[in-house]
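**Q** From the sequence below, what's the structure:
(one chain, ligands or ions: 1)
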Amino acid sequence: MESLMRATSLNSIPSPFLNHTFRQHDSRFTSGFKSTSSTLINNGRSSLPCLRAQQSETTDEFKVRNSQDEVSATQGIRIRRRPPTGPPLHYVGPFEFRLQNEGNTPRNILEEIVWNKDTEVAQMKDKKPLYTLKKAIELAPPPRDFIAALKASYLRTGMPALIAEVKKASPSRGVLREDFEPVEIAKAYEKGGAACLSVLTDAKYFQGSFENLEAIRNAGVTCPLLCKEFIVDAWQLYYARAKGADAVLLIAAVLPDLDIKYMTKICKLIGLTALVEVHDENEMDRILKIDGIQLIGINNRNLETFEVDISNTKKLLEGERGEKIRQKEIVVVGESGLFTPDDVAYVQEAGVKAILVGESIVKQKDPTAGIAELFGKDISA
Ligand SMILES: O=C(O)c1ccccc1NCC(=O)[C@H](O)[C@H](O)COP(=O)(O)O
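**A** I've put the predicted structure just below:
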């Protein structure tokens, strides 16, 4: 299954944003569409890539997809879930004009990842339908309490609990660690005092895998595990649980409110903790209106531009928002760009009870020592 997933993801949408060696090129979505142009089309079979894509989409599918994006836009979500290839041909009159290329190239890295993930998940669902996953989660190792582990660590150390990320590569930084042994790194993190671990499972952009997640779980690591994925479909929740995840990431920049409500309910049903990630005021306000959210991550990295600014955590916890979070007893995680004890102190002062850290510790020769360096002291005891 995982090898299938990797093969699929390596051969999907090309990236105008990335140039890593692990990316392969596919001209389906880019050739001939460098600039927006208005073109007269007719009902004949088109050889143009975007029109070929349309021909396989039914009118109903087009309408559903279009309305999903419209709902997202009303909530301030800029990320489109799939390439907006336009209506199917029979939907268009013989002499209608349509803006070609409008949308056939992802606008940013997050959109590109989401489009790829959508294709990848559709293929995985065909191979492993939901009913097989429902059986598989009955046999999976039982879920562990992610939030309880964070709270216990905070109480024990008086410092933000660490979610340590098992991350080989990233779109913004390329390969972070060549000698990448996920189980060894996970054990080193646990030894260094991490409360929970985050395991990247996306193959194409992060060189991660579900095999890594499973291997870490099966190696007896006791820290609860976050499956760090780009969730676009509820099917992925079941898949993550079947592979031993205790928590999943839901990204508010990608998922409209209804999806977040629906997915957090499924998470509860199958024993997963949902870490809902926001990166601006609009996303935070949306999430604070949803009942039952217990864990919010504030990402200091803008996933559309890669800019990292840890003052984002402070900004989103100020004033009424911070007050509401305290009232609702939501645990907040500061994510990305944390490198020094001063950084940790800064986000703790802002109000976080946990931090999610990848680059600064995964790059250390000894990740256990890397944790002590990050906190300015040994937090394992
Ligand atoms: O890390 C990236 O380049 C990236 C690009 C696009 C989407 C997500 C991305 N990263 C996910 C994360 O948010 C980080 O892995 C995580 O917060 C840890 O960040 P860091 O400590 O800066 O490695």
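**Q** which bits of this structure sit near the ligand?
**A** Selection of the chain residues close to the ligand by Cβ under 6 Å from any ligand atom yields 109-110, 165, 167, 170-173, 299, 301, 303, 306, 335-338, 356-360. In this view, the C-beta of every residue, glycine as well, is placed from N, C-alpha and C.
**Q** What score does the residue of the stretch 1-150 of the chain found nearest the ligand have for pLDDT?
**A** Here the stretch 1-150 of the chain gets closest to the ligand at one residue, I109, 5.4 Å apart by Cβ to the nearest ligand atom. We have a pLDDT of 92 for I109.
**Q** My guess is it contacts F306. True?
**A** Yes. The pair formed by I109 and F306 meets the contact definition of Cβ atoms under 8 Å, at 7.2 Å.
**Q** give me the low-pLDDT residue ranges for the stretch 101-250 of the chain?
**A** Across the stretch 101-250 of the chain, the ranges flagged by pLDDT under 70 are 101-103.
**Q** redo that, cut-off 50
**A** 101 (pLDDT under 50).
**Q** which residues in it form strands?
**A** 161-166, 169-170, 174-175, 196-200, 225-228, 247-251 (DSSP state E, counting those that start in this stretch).
**Q** Output the contacting helices and strands for the first one.
**A** When contacts are defined as 3 or more Cβ pairs under 8 Å, 6 or more residues apart in numbering; DSSP states H and E, strand 161-166 packs onto helix 146-157, helix 182-191, strand 196-200, strand 354-357, helix 359-362, helix 367-375.
**Q** Next: the third one.
**A** Contact partners of strand 174-175 among helices and strands, from 3+ Cβ pairs under 8 Å, 6+ apart: none.
**Q** The fifth one too?
**A** For strand 225-228, the contact count by 3+ Cβ pairs under 8 Å, 6+ apart identifies strand 196-200, helix 210-218, strand 247-251 as packing neighbours.
**Q** closest to A136 out of those?
**A** Among those, the nearest to A136 by Cβ to Cβ is helix 210-218 (11.6 Å).
**Q** give me the number of residues near the residue of the stretch 1-150 of the chain closest to the ligand?
**A** As a burial measure, I109 scores 19 neighbours (other Cβ atoms under 10 Å).
**Q** Helix, strand, or coil at V332?
**A** strand (DSSP: H, G, I helix; E, B strand; the rest coil).
**Q** ok, now which ones touch it?
**A** I296, G297, I298, T313, L317, I325, G351, V352, K353, A354 (Cβ atoms under 8 Å, 6 or more residues apart in numbering).
**Q** Could you say which helix or strand holds the closest residue to G76 other than its chain neighbours?
**A** The shortest distance from G76 to any non-neighbouring residue, by Cβ to Cβ, 6 or more residues apart in numbering, is to N282 (4.5 Å). Applying DSSP states H and E as the criterion places N282 in helix 281-288.
**Q** what angle sits between that helix and strand 247-251?
**A** 130 degrees (axes from the mean of the first three to the mean of the last three Cα atoms, to 10 degrees).
**Q** quick one: helix 281-288 to chain centroid distance?
**A** The gap between the average C-alpha position of helix 281-288 and the chain average comes to 17 Å, counting by Cα atoms, centre = their mean, to the nearest Å.
**Q** Which residues are in contact with the nearest residue to A140 once chain neighbours are set aside?
**A** Spatial nearest neighbour of A140, chain neighbours left out: A242 (5.3 Å); criterion: Cβ to Cβ, 6+ apart. Going by Cβ under 8 Å, 6+ apart, A242 touches L133, A136, I137, A140.
**Q** Adding neighbour count, write those residues out as TSV.
**A** Conversion of the contacts of A242 to TSV gives the following (neighbours: other Cβ atoms under 10 Å):
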residue	neighbour count
L133	22
A136	15
I137	19
A140	19
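**Q** burial of T74, as a residue count?
**A** 9.
**Q** repeat for D343
**A** Neighbour tally, D343, other Cβ under 10 Å: 19.
**Q** pLDDT score for it?
**A** Looking at D343, the pLDDT reads 98.
**Q** quick one: the one helix or strand it maps to to chain centroid distance?
**A** Per DSSP H and E: D343 is located in helix 341-350. A distance of 24 Å separates the centroid of the chain from that of helix 341-350, by Cα atoms, centre = their mean.
**Q** do stretch 359-376 as well
**A** Per Cα atoms, centre = their mean, the centroid offset for stretch 359-376 relative to its chain is 23 Å.
**Q** on that earlier part again, make JSON lines from the contacts of V332 and add neighbour count and pLDDT to it.
**A** Output for the contacts of V332, formatted as JSON lines (neighbours: other Cβ atoms under 10 Å; pLDDT from 0 to 100):
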{"residue": "I296", "neighbour count": "24", "pLDDT": "98"}
{"residue": "G297", "neighbour count": "28", "pLDDT": "98"}
{"residue": "I298", "neighbour count": "27", "pLDDT": "98"}
{"residue": "T313", "neighbour count": "29", "pLDDT": "98"}
{"residue": "L317", "neighbour count": "22", "pLDDT": "98"}
{"residue": "I325", "neighbour count": "20", "pLDDT": "98"}
{"residue": "G351", "neighbour count": "18", "pLDDT": "98"}
{"residue": "V352", "neighbour count": "26", "pLDDT": "98"}
{"residue": "K353", "neighbour count": "21", "pLDDT": "98"}
{"residue": "A354", "neighbour count": "28", "pLDDT": "98"}
